[in-house]
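K.L.:
I would like the atomic coordinates for the input below:
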Amino acid sequence: MYTQTNTFSVTELRQKTSKILKDIVEKGVVYVLHRSKVKAAVVDPVYLQALQEAHEDYLDTLEFDQTVKLPRIPLA
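P.N.:
Alright, predicted model coming up:
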């Protein structure tokens, strides 16, 4: 969720890059505003990897569910 403590303008990002990078590690995510609208979310790499793995697990589950619905061929 956007809060005042994890939202930065592009100008702030340019001026306070080191501080904002530390905030990303501490908070997990910061949002970057451009013309008062959120244009990007910057996330900690560990968090991103966990999200990617969770998404892959979800896709595997969907694929399995589709496989289960296939007609079975008797072996005998």
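
K.L.:
now the residue nearest the centre of the chain: which helix or strand?
P.N.:
Nearest to the mean C-alpha position of the chain, counting by Cα atoms, centre = their mean, stands Leu48 at 5.1 Å. In this structure, Leu48 is located in helix 45-68 according to DSSP states H and E.

K.L.:
do the same with Val30
P.N.:
Using DSSP H and E, Val30 maps to strand 29-34.

K.L.:
related to what we said a few turns ago, any idea how far the residue nearest to the centre of the chain lies from Val29?
P.N.:
As judged by Cβ to Cβ, to the nearest Å, Leu48 and Val29 stand 10 Å apart. The C-beta positions use only the backbone N, C-alpha and C, and glycine is treated the same way.

K.L.:
list the buried residues for the host helix or strand of Ile20?
P.N.:
Ile20 belongs to helix 17-27 when assigned by DSSP H and E. Going by neighbour count (16 or more other Cβ atoms under 10 Å), the buried part of helix 17-27 is Ile20, Asp23, Ile24.

K.L.:
give me the helices and strands touching the helix or strand of the chain with the lowest mean pLDDT, please.
P.N.:
The weakest-scoring helix or strand in the chain, judged by mean pLDDT, DSSP states H and E, is helix 45-68 (a mean of 90). Here helix 45-68 touches no other helix or strand, going by 3 or more Cβ pairs under 8 Å, 6 or more residues apart in numbering; DSSP states H and E.

K.L.:
could we number from 396 for the rest of this?
P.N.:
In the new count, where the first residue is 396, that last one comes out as helix 440-463.

K.L.:
between it and strand 424-429, how big is the angle?
P.N.:
Taking axes from the mean of the first three to the mean of the last three Cα atoms, to 10 degrees, one finds helix 440-463 and strand 424-429 inclined to each other by 100 degrees.

K.L.:
quick one: helix 440-463 to helix 412-422, angle?
P.N.:
Here helix 440-463 points in a direction 50 degrees away from that of helix 412-422 (the same axes, to 10 degrees).
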